[in-house]
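**Q** Any chance you could fold what I've pasted below:
(one chain, ligands or ions: 2)
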Amino acid sequence: MTDQQADSKATTIVIVRYGELSLKSKGVRDRYEQILKNNIQQMLEFHGVSFSKIQRDFGRIFIHTTDPKAAEKAALVFGVVSVSPAYSCLSEPAEITALCADIGNEMIHDGENYAVRARRTGNHSFTSNEIARQCGDAIWNKLLEAGKTPAVDLTNPDKEVFVEVRQSESYVYSETIKGPGGFPTGTQGKMIVLLSGGIDSPVAAWMMMRRGVEIIPVFFDNEEYAGSIVAEKAIDNAKVLFSWTPGRKQKIYRIKNSEYMTKMMQTTGHKNICLMCKRFMFRIAGAVMEKENASGIITGSSLGQVASQTAENMLSETYGLSLPLYHPLLAFDKQEIVDIAQKIGTFDISIRSNGEKECLAVPDKPEVKAVLTAAVLEEEKFTFDIDEMVQKTVEEAEIIVMKI
Ligand code: ATP
Ligand code: MG
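**A** Residues are numbered from 1 along each chain as shown. Ligands and ions are numbered 1, 2, ... in the order given. Take a look at the predicted model:
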């Protein structure tokens, strides 16, 4: 359809569909829909998409816009199942069929067959089947006029024209873009994410963000034990994650961890260093969680992926600690994680390398089958008070605040 035809026939609209929200009770659904609408607005503004109005209407959100980027950007918002850029007209058969004919003629090439799919809600003088048939006929005639050979195939068509009839307005579209699904950001509280510069933890964070969680990344800068680009990678990954939930003030905790590492390594058996490093991260994350009034800790652990992530180690690392740890990637294969990392935009950051080892404290042969009490016994050997170390480390954290 040319711009001129579009202008004369209809205003342009983006239909936004959401899924699981509709299972909620009315009060909850209302609140979630309002949040989703605000989040869509923030996403459009973040990407400089112009629109005149965003409107909620019976289980759908409609964006009034002529900006061609609107649908693609709205399809990034958590909670959105799919979107369709559409043309609208009054729910009059003559208008609907004329619009279908124009759109059909624009998208159906000679030799291609087509189908019209219609849905209807409200009171009208026609059924959805009737309007589908009338639209099919209108397209047929328009294709003939244009010198093409029309052919209908309702089972396996080359092209589909969708018609959605509502009480007073109708929408015609041909394209549906998948959204991420899940819940709108801000509906499932805040969680800490242990975010490294690696591939896994940004993906773990994103999976939980998709379920509506707002994240507070906590990054351990092991300074003298870490490669020089690790911190930069973690912060860049955090920024990419924040760009999925734009329009908010965001915070990253950069934890300076060298003092603990040095003291811990003086008494810890060589093979248990990773175990004790991890346990300290969990303790710090727990303290930051309380400070931030958050309700969980997310990690990128994936069972068996590296030496430290055996079930025995994971149990020993957390033995005696009472923390709500979430490992959304626990059952994922590496390639599945890589595929998501590429899709969400963190992969290229995570694989940046300057040839340096990323962690200099990792022993040659780390423990892979820790006994239950291994970490607790190592902590008993510490020459410093662990709670004081946690408190001091959190107090000395650098808090990076940004608006994205
Ligand atoms: P990732 O790719 O996320 O770095 P990994 O495969 O390298 O994970 P580990 O190094 O064992 O695995 O880390 C497991 C999890 O511990 C990470 O996914 C992350 O949640 C957390 N973690 C590891 N290193 C750090 C760090 N420097 N700062 C914050 N969290 C970390
Ligand atoms: Mg790592």
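**Q** what are the ranges of the helices in this protein?
**A** 3-9, 26-46, 70-74, 93-107, 128-145, 200-210, 230-242, 258-267, 273-291, 311-318, 334-344, 347-350, 374-380, 386-395 (DSSP state H).
**Q** Against ligand 2, how distant is the closest residue to ligand 1 within the stretch 251-400 of the chain?
**A** Distance from ligand 1 to each residue of the stretch 251-400 of the chain (Cβ to the nearest ligand atom) is smallest for residue 300, at 2.4 Å. Just so you know, the C-beta spots here come from the backbone N, C-alpha and C atoms, and that holds for glycine as well. Distance of residue 300 to ligand 2, computed by Cβ to the ion, to the nearest Å: 7 Å.
**Q** tell me, which of the helices of the chain is the model least confident about?
**A** Sorting the helices of the chain by mean pLDDT places helix 3-9 lowest, at a mean of 44.
**Q** count of neighbours near the closest residue to residue 32 other than its chain neighbours?
**A** Excluding its sequence neighbours, the residue lying closest to residue 32 (Cβ to Cβ, 6 or more residues apart in numbering) is residue 21, at 4.9 Å. Around residue 21 there are 21 other residues, counting by other Cβ atoms under 10 Å.
**Q** repeat for residue 144
**A** 11.
**Q** I'd say it and residue 150 touch.
**A** Yes - counting by Cβ atoms under 8 Å, residue 150 is a contact partner of residue 144 at 6.2 Å.
**Q** So the residue of the stretch 251-400 of the chain closest to ligand 1 sits against residue 208, correct?
**A** No - judged on Cβ under 8 Å, residue 300 makes no contact with residue 208 at a distance of 10.8 Å.
**Q** of the two, who's got more company?
**A** residue 300 (25 against 19).
**Q** Just read off the phi/psi values of the more buried one.
**A** Backbone torsions of residue 300, given as degrees, to the nearest 10, read phi -100, psi 20.
**Q** Pull the contacting residues for it.
**A** By Cβ atoms under 8 Å, 6 or more residues apart in numbering, the contact set of residue 300 is 194, 196, 198-205, 327, 329.
**Q** change it to 10 Å
**A** By Cβ atoms under 10 Å, 6 or more residues apart in numbering, the residues touching residue 300 are 193-196, 198-205, 207, 309, 327-330, 332, 337.
**Q** Tell me the spacing between the residue of the stretch 101-250 of the chain found nearest ligand 2 and residue 273.
**A** Ranked by Cβ to the ion, the top residue of the stretch 101-250 of the chain for proximity to ligand 2 is residue 198, at 3.3 Å. For residue 198, the distance to residue 273 equals 18 Å [Cβ to Cβ, to the nearest Å].
**Q** circling back to that earlier point, please name the residues that touch the nearest residue to the residue of the stretch 101-250 of the chain closest to ligand 2 once chain neighbours are set aside.
**A** In this structure, residue 198 finds its nearest non-sequential neighbour in residue 350, 5.8 Å apart by Cβ to Cβ, 6+ apart. Residue 350 sits next to 196-203, 233-234, 236-237, 240, 338, 341 when contact means Cβ under 10 Å, 6+ apart.
**Q** what's the answer for residue 306, then?
**A** Counting by Cβ under 10 Å, 6+ apart, residue 306 has contacts 198, 200, 274, 313, 362, 366, 368.
**Q** Show me what from the stretch 201-350 of the chain comes close to ligand 1.
**A** 201, 219-220, 281, 299-301, 305-306, 308-309 (Cβ under 6 Å from any ligand atom).
**Q** mind running it again at 5 Å?
**A** Residues of the stretch 201-350 of the chain found near ligand 1 (Cβ under 5 Å from any ligand atom) are 201, 219-220, 299-301, 308.
**Q** likewise the stretch 51-200 of the chain?
**A** So the stretch 51-200 of the chain meets ligand 1 at 194, 196, 198-200 (Cβ under 5 Å from any ligand atom).
**Q** about what we covered before: what score does the residue nearest to residue 32 have for pLDDT?
**A** 72.
**Q** Residue 353: neighbour count?
**A** With other Cβ under 10 Å as criterion, residue 353 counts 11.
**Q** Would you mind confirming that residue 351 makes contact with residue 338?
**A** Yes - contact criterion Cβ atoms under 10 Å: residue 351 and residue 338 qualify, at 9.3 Å.
**Q** Quick check: the residue lying closest to residue 280 once chain neighbours are set aside vs residue 360, distance?
**A** Closest residue to residue 280 apart from its sequence neighbours, by Cβ to Cβ, 6+ apart: residue 260 at 5.6 Å. As for residue 260, its distance to residue 360 is 15 Å (criterion: Cβ to Cβ).
**Q** ditto for residue 39
**A** 41 Å.
**Q** before we move on, what about residue 379?
**A** Relative to residue 360, and taking Cβ to Cβ, residue 379 is found at 22 Å.
**Q** got a list of what the closest residue in space to residue 245 that isn't next to it in sequence touches?
**A** Spatial nearest neighbour of residue 245, excluding adjacent residues (Cβ to Cβ, 6+ apart): residue 185 at 4.4 Å. Residue 185 is in contact with 35-36, 38-39, 42-43, 77-79, 209-215, 244-248, counting by Cβ under 10 Å, 6+ apart.
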